[in-house]
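# Below are the sequence and a predicted model; questions follow.
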Amino acid sequence: MGDHEVVRVVSDAWRSVLDIEGELTGQDFFELGGDSLTAVALVERIKTDLGIDIPLEVIFFDGRLSTVVKICVERLAARHVSVD
Amino acid sequence: MRALTAAAAAHRADGAPSGVRVGVVHAPWAAASVSDIVRAARGWCDVVLLFRNCVAKRYPGLIAMAKSLVEVAVADDDDLTTSVKDLALSGLTTFHDDELDVTDAARAEFGLPGAVPPLRWDKLVQREVLAADGACRVRATPVESPDDLESGATALGMPGVLKPRRGTSSVGISFVTDRARIEREIASRRNWDGLMYEQFIPPGSHPSGAGWLADYVSVETVSDGTTHHHVSVFDKLPISVAEHPRSLRPFDVRETGDVVPSRLPRPALASVLAVATKALDALGIRWRVSHTELRVSPDGIEIIEVNGRLGGEVARLLNLLGGPDLVAADLSVALGRKPIFTGLPPGPYAGAVYVPFPVRAGDVNSDVRRALIRRLPGVIGVDEVAHRGTPRAATQYRTARLSVYGNHQIAFDRSLAGIADGLAALFAADGLADDPWLGLLRRRLHDDLSR
């Protein structure tokens, strides 16, 4: 899966969990209206859509979309390497 | 002690220093969420979240989520002392009204900062303590039966307020204005436990002249060992009162919003802060954050109540303005440390708006998504929306709960007017377009803007 596809999947998950529309700005998850429970929902949605686990702490301590995408790309790459 | 995480057990087992440890007695819908607490503590103290057993059983998902982030302990329902003793905490706090008594009891037991004499958050006891110290003029009496209401109204006069001795957000309040209201309460009320009747503080108007602001404010205070630091004052949107004579709950009072910074003129602000200081001194408040509500009436400033924890929307709204982090300040004073404050940057305004349904019963008719509300002017966050087909009670009769920001006063006020108009249209199927309370708020907002 290419990086652009990861951005699309994570962005869709972000919008769905937060029930927001349109372009996602650089604000972090909590600034956009997220809370502890929606953070858990996002982690679960990413697991469903991408098959990877990301730590909840990532969203709590640096919850920008770019950071979450970066973690997802890294974990997907690591999974790909381990499968190989 | 139950359900310690493995990390906590290892800490104690090997005797290694655990850093500065502060316990937070938590439950859902506290003034600070798990994310607020965890982020406020990061880098300088270790948080241990304590849940009473009844809370842990009811919200297992919350416990599981919390365990992935911090140390968690589950304690007995009525007594935290065993848990606190085993956890080697240097401080203890809570952001939830329901957890105040057990938290304060544990603070007192272990000599932790912030302990107060018992029953300080019982509003009747509070009135008595404040009156004894000359910090309030309102008289109050306990009500445990219809006879008590009758005799209380006779002794203290009407109008008066019948309300729970413990409670938040004006829930459970009734205004007793005449004989007919007394009879309605007696006919409809099923539970008379833990009530009080107090004299009604005469209504006033916001000293700024803003017709759409309520006649009461709140003061957010961080008290260390010697000083009460009044960090911010919040204005309020007017309360909404619904009457349903044939309902089991014929009278329903709801708070509707907060605005910061306050528009109180300097003399009124000074008076408000002086009254708040006197009240906090009378109650013996030290080493904690408190939320004091005061009425601005023709007779002067009067205490409505003092809450021994952070106010519900305070931390979020101050954060929006780039103001002081009161969650971090709360953790700090709980540890007996004096926090360092930043002031509020001048210019921007922030608000929380939670307009109630005019009919406090039945199901939601309007189909409104968060995305629609986010399109309203100045809305920067939507925390809650009542969904079509669900009971209105599911959101405590709130249509939505949203955050508003304006980079100056006029921008904020214009946004608020647009939001009020927008909510009236979005929830028209639930009667908001014809709601007298919302209609009056809208008219006053537009009138003030046109001046």
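That came through, no problem.
# Going by C-alpha atoms from here, please, whenever you check contacts or count neighbours.
Will do.
# burial measure for the nearest residue to B:Phe427 once chain neighbours are set aside, as a count.
Once its chain neighbours are removed from consideration, B:Phe427 has its nearest residue in B:Ser366; the separation is 5.3 Å (CA to CA, 6 or more residues apart in numbering or on different chains). Neighbour count for B:Ser366, taken as other CA atoms under 10 Å in any protein chain shown: 18.
# With the one 3 residues further on instead?
Neighbourhood size, B:Arg369 [other CA under 10 Å]: 18.
# tell me the contacts of it?
Applying CA atoms under 8 Å, 6 or more residues apart in numbering or on different chains, we find B:Arg369 in contact with A:Asp19, B:Val385, B:His387.
# my guess is the second one contacts B:Asp367, does it?
No: the pair B:Val385 and B:Asp367 fails to qualify as a contact (CA atoms under 8 Å) at a distance of 9.8 Å.
# interface residues of chain A facing chain B?
Those residues of chain A that sit near chain B, judged by CA under 8 Å from any CA of the partner chain, are A:19-21, A:31-37, A:40, A:56-57, A:60-61.
# Of the residues you listed, keep whichever come out buried.
A:Asp19, A:Ile20, A:Glu31, A:Leu32, A:Gly33, A:Gly34, A:Asp35, A:Ser36, A:Val40, A:Leu56, A:Glu57, A:Phe60 (16 or more other CA atoms under 10 Å in any protein chain shown).
# rewinding a little: got phi/psi on the residue nearest to B:Phe427?
Here the main-chain torsion angles of B:Ser366 (degrees, to the nearest 10) amount to phi -80, psi 140.
# Could you report the separation of it from B:Gly61?
The span separating B:Ser366 from B:Gly61 equals 30 Å under the rule CA to CA, to the nearest Å.
# Low-confidence regions, chain A specifically.
Applying pLDDT under 70 to chain A flags the ranges A:25, A:81-84.
# got the residue ranges for the helices in it?
A:3-18, A:36-50, A:56-61, A:65-83 (DSSP state H).
# can you tell me which residues contact the nearest residue to A:Ile71 once chain neighbours are set aside?
Take A:Ile71 and drop its neighbours on the chain: the residue closest to it by CA to CA, 6+ apart is A:Ile54, 7.2 Å away. A:Ile54 makes contacts with A:Val43, A:Ile46, A:Lys47, A:Ile71, A:Cys72, as judged by CA under 8 Å, 6+ apart.
# Can you tell me the closest non-neighbouring residue to B:Ser68?
Nearest-residue entry for B:Ser68: A:Leu56, 7.4 Å, with adjacent residues in sequence omitted and distances by CA to CA, 6+ apart.
# Skipping adjacent residues, who's closest to the residue in the stretch 201-350 of chain B positioned nearest to chain A in space?
For the stretch 201-350 of chain B, the residue positioned closest to chain A under CA to the nearest CA is B:Leu320, at a distance of 8.6 Å. On the basis of CA to CA, 6+ apart, the spatially nearest residue to B:Leu320 that is not a chain neighbour turns out to be B:Ala350, at 6.9 Å.
# re earlier: need the helices of chain A in JSON lines (columns: distance to B:Gly225).
Conversion of the helices of chain A to JSON lines gives the following (distance: least, CA to CA, whole Å):
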{"stretch": "helix A:3-18", "distance to B:Gly225": "41"}
{"stretch": "helix A:36-50", "distance to B:Gly225": "33"}
{"stretch": "helix A:56-61", "distance to B:Gly225": "31"}
{"stretch": "helix A:65-83", "distance to B:Gly225": "41"}
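# Select, out of those, the one closest to B:Ala135.
The minimum distance between B:Ala135 and the helices of chain A falls on helix A:36-50, with 39.7 Å, by CA to CA.
# got the angle for that closest one vs helix A:3-18?
Taking axes from the mean of the first three to the mean of the last three CA atoms, to 10 degrees, one finds helix A:36-50 and helix A:3-18 inclined to each other by 140 degrees.
# Of B:Val385 and B:Asp367, which one has the most company?
Neighbours per residue, other CA under 10 Å: of B:Val385 and B:Asp367, the larger number sits with B:Val385, 18 against 14.
# Show me the beta-bridge partners of that one.
Applying DSSP bridges to B:Val385 yields these beta-bridge partners: B:Ala400.
# who in chain B is up against chain A?
Applying CA under 8 Å from any CA, one finds that chain B approaches chain A through B:33-35, B:38-39, B:62, B:65, B:68-69, B:369-371, B:374, B:380-383.
# hmm, back to that, report the secondary structure state of the residue nearest to B:Leu320.
Per DSSP: H, G, I helix; E, B strand; the rest coil, the local secondary structure of B:Ala350 is strand.
# Surely it touches B:Gln409?
No: between B:Ala350 and B:Gln409 no contact is recorded; they are 9.4 Å apart, counting by CA under 8 Å.
# Would you mind telling me which of the two has more residues around it?
In this comparison of B:Ala350 against B:Gln409, neighbours counted by other CA under 10 Å, the higher total goes to B:Ala350 at 26 against 16.
# and the more buried one, what are its bridge partners?
Using DSSP bridges, the beta-bridge partners of B:Ala350 come out as B:Val260, B:Tyr405.
# Test for you: state the pLDDT assigned to it.
At B:Ala350, the model reports a pLDDT of 96.
# What strand or helix carries the residue lying closest to B:Val359 once chain neighbours are set aside?
Nearest-residue entry for B:Val359: B:Ala242, 7.0 Å, with adjacent residues in sequence omitted and distances by CA to CA, 6+ apart. Here B:Ala242, judged by DSSP states H and E, is contained in strand B:240-243.
# where do the strands sit along the stretch 151-300 of chain B?
For the stretch 151-300 of chain B, strands defined by DSSP state E, counting those that start in this stretch occupy the ranges B:160-164, B:174-176, B:195-199, B:216-223, B:228-236, B:240-243, B:251-254, B:257-260, B:288-297, B:300-307.
# ok, back up a step: check contacts around the residue nearest to B:Ser68.
With contacts defined as CA under 8 Å, 6+ apart, the neighbours of A:Leu56 are A:Ala39, A:Val40, A:Val43, B:Ser68, B:Leu69.
# So for the last one, what's the nearest residue that isn't a sequence neighbour?
Of all residues not flanking B:Leu69 in the chain, A:Glu57 sits nearest, at 6.6 Å (CA to CA, 6+ apart).
# next one: B:Asp252
Setting aside the residues directly before and after it, B:Asp252 is nearest to B:Ala242 in space (CA to CA, 6+ apart), at 5.1 Å.
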